[in-house]
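[1] for reference, the sequence and a predicted model appear below.
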Amino acid sequence: MVLPNSSIINKPAMTRGLLSIAIASSLLLVGCNDDDNDHYVSAPSASAKFIKTFTANDINSSIGLGSTATPVAKCGVTIEKVTYDTKGAADEDTNATAALMLPTGDAAECKGDRPVLLYAHGTTTDKGYDFAQVGNAKNPAVGEANLIAANFAAQGYIVVAPNYAGYDESKLDYHPYLVAQQQSTDMVDALDSARNIIERKKRANDPNYSKIDDSGKLFLSGYSQGGHVAMATARKLEQQGKPITAMAPASGPYALAAFGDFIFAGNVNLGATRFAPLLAIGLQKKYPNIYSSRSEIFSADYANTQFPSLLNFEELVAAGQLPRFALFEAKPTSDPLLNQLPDSELPFAFLGFAAEKYLIKTDFRAMYMADALRNPDSLTSTTPTGMPAANPKSNIRKALKDNDLRGYKPKVPTLLCGGHRDPTVYYDLNTGSMLAILKQYNDNNSAANLNITVLDVDNSDEANRGVPTIAPLSQSALANPWLQNSTIPNIQTRFNDSVTDAGNSFLSSYHGGLVATSCTEATREFFEQNFNRS
């Protein structure tokens, strides 16, 4: 059976000449009680441990953010690590840790009522990932943690950044990767625990907490995996009737079911061999019918690899526990259906195939694709508002559908940020589909007036794409102050300069470095307009 052309979803624009390859380097993806106070005091088992204090000068000079558009620190930052109780994907009791970043100093922005940023980090296979290790170059979280500390905590936000269940000191032996129900619960548990600790520490006159108060303003953000988690968390908080001031998910796999179909059809993204095991193992815990043993999905060399791992990705590859790029068996395979699938037009997708030492077993891929062809997702290049398949038969596609976020319509001021040449989380398929669906809803419902702006930080070929890089969906969004000045054009100009500076390595750094820093800047500017000042 040949995959129909209409099933080939918008492809990220990539220039073949740029394949100068970036590809040789691996990509780490940086690439979910009615009364709030009642809920805070329901987390008495949460505890906090002092980690380190940075002065504003330390933030400015010693954590390596000179190449980003990070503003001068207004505040020092005290880092504490919160340990809290939460649930796993199977609703089992477990624990997790989070970084709690507290602004310090005598400037007006550093004391008194302070807004809270709840931040969701990106994908990692590293068990030791700890967002509380700001400035610690030996910890895999250091880059993302430094960026958030400098852009938010040092600007006067109280930052709560969960490490997620399964990482750091969590006793869970897996991570519920992109399981929206569990990840949003984990985030809310971390937030409630952090707020509980702030109240308790203030009552105890702890000097690290004595000059700040939780203003009640809550901002949500996250990058890559964290974009999906932040959006799922906003949905949960809205369902619980808890206030959110604004949110800014970035580069997230929101259209998860369509994304899975697109990759299994042969459009393999960079980083796929990291994500697939985390996803399959996490989904299995939530939906115990994904496989009876990992060997049903993964080739024998990789079926028993632990995720998250005490080894980093490079060490896993060197130890033969994970292939660097090869997700699937190269054609010709023993399966006629797979051999009839058209080759991907993505210039890097060929890396996802090998004659041997590939991750996903061919018969599992064939089973997946047989269902995808019989019961297709309705998101296509000509139907950007399409939703997941109405009646998928394969259990993994059912699970992906259950965690797809395309039906969610944010009620709070929202920025969706990304870059359209992203080789890891495809922009047109994920952010683009959310834009199309939300715009259609807003246009067809005069009372909606969704305050949502979609920003593509990469405007390098806007004229050729015919897609605006700045898309405010309503009069409410058009009225946001940052659309009346040069803020967004300046962000895009700096992004284009960073791509030029990256040269031939831009493809490997596009998702986890270039877009991540630009969307962090955009998130900060979005929050700092009227939302935080009012």
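    That came through fine.

[2] and the closest residue to residue 105 other than its chain neighbours, how far from residue 152?
    Using Cβ to Cβ, 6 or more residues apart in numbering and skipping residues adjacent in sequence, the residue nearest residue 105 is residue 75, 4.6 Å away. For every residue, glycine as well, the C-beta is placed using N, CA and C. Relative to residue 152, residue 75 is positioned 10 Å away (criterion: Cβ to Cβ, to the nearest Å).

[3] dump the residue contacts of residue 95.
    Under the criterion of Cβ atoms under 8 Å, 6 or more residues apart in numbering, the contact list for residue 95 reads 83-86, 165, 169-172.

[4] now neighbour count, secondary structure and distance to residue 435 too, for those residues, in a markdown table please.
    Rendered in a markdown table, the data for the contacts of residue 95 read as follows (neighbours: other Cβ atoms under 10 Å; DSSP: H, G, I helix; E, B strand; the rest coil; distance: Cβ to Cβ, whole Å):
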| residue | neighbour count | secondary structure | distance to residue 435 |
| --- | --- | --- | --- |
| 83 | 18 | strand | 39 |
| 84 | 23 | strand | 35 |
| 85 | 14 | strand | 37 |
| 86 | 24 | strand | 32 |
| 165 | 29 | coil | 31 |
| 169 | 12 | coil | 39 |
| 170 | 23 | coil | 35 |
| 171 | 11 | coil | 40 |
| 172 | 23 | coil | 35 |
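
[5] next, format those residues as JSON lines and append pLDDT.
    Below are the contacts of residue 95 laid out as JSON lines (pLDDT from 0 to 100):
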{"residue": "83", "pLDDT": "98"}
{"residue": "84", "pLDDT": "98"}
{"residue": "85", "pLDDT": "98"}
{"residue": "86", "pLDDT": "98"}
{"residue": "165", "pLDDT": "98"}
{"residue": "169", "pLDDT": "98"}
{"residue": "170", "pLDDT": "98"}
{"residue": "171", "pLDDT": "98"}
{"residue": "172", "pLDDT": "98"}
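
[6] kindly reformat those residues as a markdown table containing distance to residue 416.
    Formatted as a markdown table, the entries for these read as follows, by distance: Cβ to Cβ, whole Å:
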| residue | distance to residue 416 |
| --- | --- |
| 83 | 32 |
| 84 | 29 |
| 85 | 32 |
| 86 | 27 |
| 165 | 26 |
| 169 | 33 |
| 170 | 29 |
| 171 | 35 |
| 172 | 30 |
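
[7] ok now the longest helix along the chain, how far from the chain's centre?
    Criterion DSSP state H: the longest helix present in the chain is helix 180-203. Relative to its chain's centre, helix 180-203 lies at 19 Å (Cα atoms, centre = their mean, to the nearest Å).

[8] could you do stretch 168-186 as well?
    Using Cα atoms, centre = their mean, the distance between the centre of stretch 168-186 and that of its chain works out at 14 Å.

[9] same question for stretch 122-129.
    13 Å.

[10] now do that stretch, average pLDDT.
    Across stretch 122-129, pLDDT averages out at 98.

[11] then stretch 339-353?
    For stretch 339-353, mean pLDDT is 97.
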